[in-house]
Every structure is written in C-alpha cells, then in structure tokens.
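>>> Dropping a prediction and its sequence here:
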Amino acid sequence: MKLVLNGVTIEAVQGDITREAVDAIVNAANSSLLGGGGVDGAIHRAGGAAILEDCYRIRDRQGGCPTGEAVITTAGDLPSQHVIHTVGPVWNGGNQLEPDLLRNCYIHSLQLADEYELNSISFPNISTGIYGYPKPEAAAIAVKVIQQYAETGNGTVTHIRFVCFDHDNLALYEQQLHSLNDESNESK
Ligand code: APR
C-alpha cells in the first residue's frame, strides 16, 4: 500500500529492514545501544562492527539512549547510509506513558533525519516484538506521527517506508494507510 500525502510518499511493505537501500533505517534498540535480538540483532549482524563502534562512541559521550530518544550511526555494510537507533517503551499495560514514549521514537527519528537532511527512511514496527506493545495501537501511533510530519510539510524526508516483518503488522499498516488515504481524499 502506497500513498502520497503533501509530497511525502508513505508505504507499508513486508520485508527485512536490513535490505532497505534508503538514507536511513531505524533500529528498535535498547537503552544500552549494545545490540540485542530481533531487528536490533539483525541490523548489527548485517551491518557489522562499524555500527557498534559508533554506538560505543555515543555511549562514551552520553551514556546510553533513553527510551523515546534516538541517535544516529553509520550503517556499516548495510545498503542504507545511516542507522537511526531509537528505544521503544516496554509495554506495561499502557498507563506508564508508553503511547507518548512510542510517539517520541518516531518524532525523534524524523527530527534526526531532518537534521541530516535525509530524504528516505524505513521504520520497523517499534516495540511490537520483544517489548510487547500491542500491534494495532502501535501501528496507529506510528502512522499518526508520519501523517503529522507529512502535513506539516517542512521536513526533508519525502519517502517513508514501514517495513513489516510479519503479516499481522503489514495488514494493520495497510489498513491504517487506507484510512489515511480516504481521509486525505475526502479533504480535497
Ligand atoms: N526487519 C524488519 N523487522 C524486523 C526484523 C527485520 N529483520 N526482525 C524483527 N523485526 C520486527 C519484529 O517482528 C517486530 O515486529 O521488528 C519489530 C520489533 O521487534 P523487536 O526487534 O523485538 O523490537 P522491540 O519489540 O522494539 O524490542 C526491543 O529487543 O532486540 C531487542 O535489543 C532490542 O532490547 C531491545 C528489544
């Protein structure tokens, strides 16, 4: 599913984010920035030691990465140019600021992309794996942030891809993007 909103192409695809040839892929990291399982493990494995070396330099400078914040490193051997590491919230029932923290992951990743004047970015479904965030709610938050980014219209990113690893997430993102497309057409 692909749509164009205010000049920003937004699409949901199924695939492996380590194969994305975009300006930056986003990693669902943990606050240590030292790698882990899931997409974090896949990115470090495919990208190689250069990514972790950059993460160590960031740790030396600022310690780790707080939940909801984002940092940027080289992409090493990956086809993308950069990796933006962001730390999603662990789902604890939804009353410990999880929605705001997840929203901040997308907001701060896009802010970094703008700072580096990037044009294309691929997101995984942050927090919906090991961190247990319910997929429907996470998809709605992700798409809403990207809608607001596109509608504001003063960012550098003109191509945003949601790279879904499982079919459940793909179906949810396609549903969200269809609704956004209908909403956008109605307002024309
Ligand atoms: N490409 C795209 N998406 C992927 C890939 C991949 N290669 N591998 C996994 N995913 C998907 C998962 O299916 C899930 O939908 O990424 C989403 C996020 O899941 P996790 O990687 O488990 O990330 P998260 O839930 O945010 O938990 C973060 O897991 O790997 C550790 O170090 C990480 O402690 C941190 C925690």
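That came in fine, so what should we check first? This is a predicted model, so every value here is computed, not measured.

>>> And Gly129, what's its pLDDT?
For Gly129, the model assigns a pLDDT of 97.

>>> now the one 10 residues further on
Each residue has a pLDDT score; the one for Ala139 is 98.

>>> State the distance from the closest residue in space to it that isn't next to it in sequence to Glu137.
In space, and not counting its chain neighbours, Ala139 is closest to Leu172: 4.2 Å by Cβ to Cβ, 6 or more residues apart in numbering. In short, each C-beta sits where N, CA and C put it, glycine included. The gap separating Leu172 from Glu137 is 10 Å, by Cβ to Cβ, to the nearest Å.

>>> How many residues are close by the residue nearest to Ala139?
24 (other Cβ atoms under 10 Å).

>>> before we move on, the earlier item: need the residues touching each of Leu172 and Glu137.
Here Leu172 and Glu137 have no joint contacts, going by Cβ atoms under 8 Å, 6 or more residues apart in numbering.

>>> How about the contacts made by the residue nearest to Ala139?
Contacts for Leu172 (Cβ under 8 Å, 6+ apart) come out as Lys135, Pro136, Ala139.

>>> Narrow those residues to just the buried residues.
Lys135, Ala139 (16 or more other Cβ atoms under 10 Å).

>>> List the residues that contact the residue nearest to the spatial centre of the chain.
Nearest residue to the geometric centre of the chain (Cα atoms, centre = their mean): Phe123, 3.1 Å. Shown in contact with Phe123 (Cβ under 8 Å, 6+ apart): Val26, Tyr106, Ser109, Ala142, Ile160, Arg161, Phe162, Val163.

>>> Helix, strand, or coil at the last one?
Yep, that's Val163 we're talking about. Of the three states, Val163 takes strand under DSSP: H, G, I helix; E, B strand; the rest coil.

>>> Leaving out sequence neighbours, find the closest residue to it.
Ile17 (4.4 Å).

>>> For whatever helix or strand Gln111 lives in, which helices and strands make contact with it?
Per DSSP states H and E, Gln111 falls inside helix 98-115. Contacts defined by 3 or more Cβ pairs under 8 Å, 6 or more residues apart in numbering; DSSP states H and E place helix 98-115 against strand 24-29, strand 70-74, strand 82-87, strand 120-123, helix 135-152.
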